[in-house]
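Engineer: let's see this in three dimensions:
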Amino acid sequence: MASGQHSVAIGPQSVASGDHSFAAGDGAKATANGAVAIGFGAQATGVNAIAIGTGALAAGSQAIGENSRAGDGGVALGNNADAGGTALSQAQNVSRGTAIGFGAVVQQSGGVALGSGSVASRAAGVAGYVPVGANAQQEAAIKATTSTQAAVSVGDAANGQLRQITGVAAGSADSDATNVAQLRAASSASAASSVQYATNPDGSIDYSQITLGNGQAPGGTRIGNVAPGILPTDAVNVGQLNQVRSQVADVARIAYSGIAMATAMSSLPQAMTPGKSLVSIGTGNYAGYAAVAFGYSARSEDGKWIYKVNGAYAGQRLNIGVGVGYEW
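Structural biologist: As a prediction, this is how the structure comes out:
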């Protein structure tokens, strides 16, 4: 029955009630202006909707294929393809979906399911993965490309339906897909600048040895921003090393000065004649450090006792020695 103006209905129980509508097939129904329904039980219920195929249902959209479904603004191509948005769809409140392929299903508005059995179930606005170690600029770039439309699916990961996407050109913009060639290049660049563990003879990782910069830096690799070590097995930084170096240098200066003072004091002569006294002066030098020594010595009248007082000075350090001897 063709009840719409300039409408055409062909086939038993066919209905073309919309103006300029066309219905062809047993039970085909084109109920909106400009709608086209072709096939047994096909229904085109939205303005300018097109439903082609047995049981096809299009509501303001295009559904082509047996039992295909497409709601407002959607497209379903293929037997049992379901772009959502119809009373018979898996997701009845979805619009603008695109399902292409046998049994392809869209479950989110604006989603795209490509290929037999594909399911587009991820909504827009899902935050992307931010790798550990990404700096603030990299993290900002990742967040700036957060999806504003539902995802494109080429399979159904939840049910083990996975596909490769081939013929992908190298991406250039932040929001482009990358191909394996780019990934390999990035991996090689990362490996060249990363820490690499040694390998045991059996091929397992030897965590006791590491190589920096892939062993390719001619002058070695500098490690920056190293915190001061605390535990016995921690690395020390240059600041700690310089402290130790300064302390060792201080000890060396004291030791060298001490040797110079000892040398100067040992060079002082002493009184040899009974009843006589002797004042003496001497110098000493060791490893570039000089010392001056002063001494006083005396021998008793009977020649049996010897008294001696020495002092030395080097590098703002003073050394004093006192001795008494008895001869028999």
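
Engineer: for the lowest-mean-pLDDT helix or strand in the chain, which helices and strands make contact with it?
Structural biologist: Lowest on mean pLDDT, DSSP states H and E among the helices and strands of the chain sits strand 195-199, with a mean of 74. Strand 195-199 is packed against strand 205-212, with contacts defined by 3 or more CB pairs under 8 Å, 6 or more residues apart in numbering; DSSP states H and E. C-betas here are computed from N, CA, C, even on glycine.

Engineer: once you drop chain neighbours, what's closest to residue 259?
Structural biologist: residue 286 (4.2 Å; CB to CB, 6 or more residues apart in numbering).

Engineer: for that neighbour, give me its contacts.
Structural biologist: Shown in contact with residue 286 (CB atoms under 8 Å, 6 or more residues apart in numbering): 256, 259, 260, 263.

Engineer: now residue 93
Structural biologist: 84, 85, 109.

Engineer: number of nearby residues for the second one?
Structural biologist: Read it as residue 85. As a burial measure, residue 85 scores 28 neighbours (other CB atoms under 10 Å).

Engineer: and it, what does it touch?
Structural biologist: Counting by CB under 8 Å, 6+ apart, residue 85 has contacts 59, 61, 69-74, 91-95, 97.

Engineer: just to revisit the earlier point, so the residue nearest to residue 259 versus residue 293, what's the distance?
Structural biologist: 13 Å (CB to CB, to the nearest Å).

Engineer: next one: residue 185
Structural biologist: Taking CB to CB, one finds residue 185 at 74 Å from residue 293.

Engineer: okay, the two: which has more neighbours?
Structural biologist: The neighbour comparison of residue 185 against residue 293 (other CB under 10 Å) goes to residue 293, with 25 against 12.

Engineer: which of the helices or strands spans the closest residue to that one other than its chain neighbours?
Structural biologist: Ranked by CB to CB, 6+ apart and with sequence neighbours excluded, the top spatial neighbour of residue 293 is residue 264, at 3.6 Å. Using DSSP states H and E, residue 264 sits within helix 238-266.

Engineer: show me what that helix is packed against.
Structural biologist: strand 277-286, strand 289-299, strand 305-314, strand 317-326.

Engineer: list the contacts of the third one.
Structural biologist: Okay, so that is strand 305-314. Counting by CB under 8 Å, 6+ apart, 257-258, 260-262, 264-265, 268, 270-271, 284, 289-300, 318-327 sit against strand 305-314.

Engineer: still on that earlier bit, just the buried subset of the contacts of residue 85, please.
Structural biologist: Taking 16 or more other CB atoms under 10 Å as the criterion, what is buried in the contacts of residue 85 is 59, 61, 69, 70, 71, 72, 73, 74, 91, 94, 95, 97.

Engineer: okay but the fifth one is in contact with residue 98, surely?
Structural biologist: No: Residue 71 sits out of contact with residue 98 when judged by CB atoms under 8 Å, with a separation of 11.3 Å.

Engineer: overlap in contacts, these two.
Structural biologist: Joint contacts of residue 71 and residue 98 (CB under 8 Å, 6+ apart) are residue 83.

Engineer: which among the buried ones among the contacts of residue 85 gets closest to residue 45?
Structural biologist: residue 59 (4.9 Å; CB to CB).

Engineer: which residues sit in contact with residue 50?
Structural biologist: Residue 50 neighbours (CB under 8 Å, 6+ apart): 35, 36, 44, 58, 61, 62, 63, 64.
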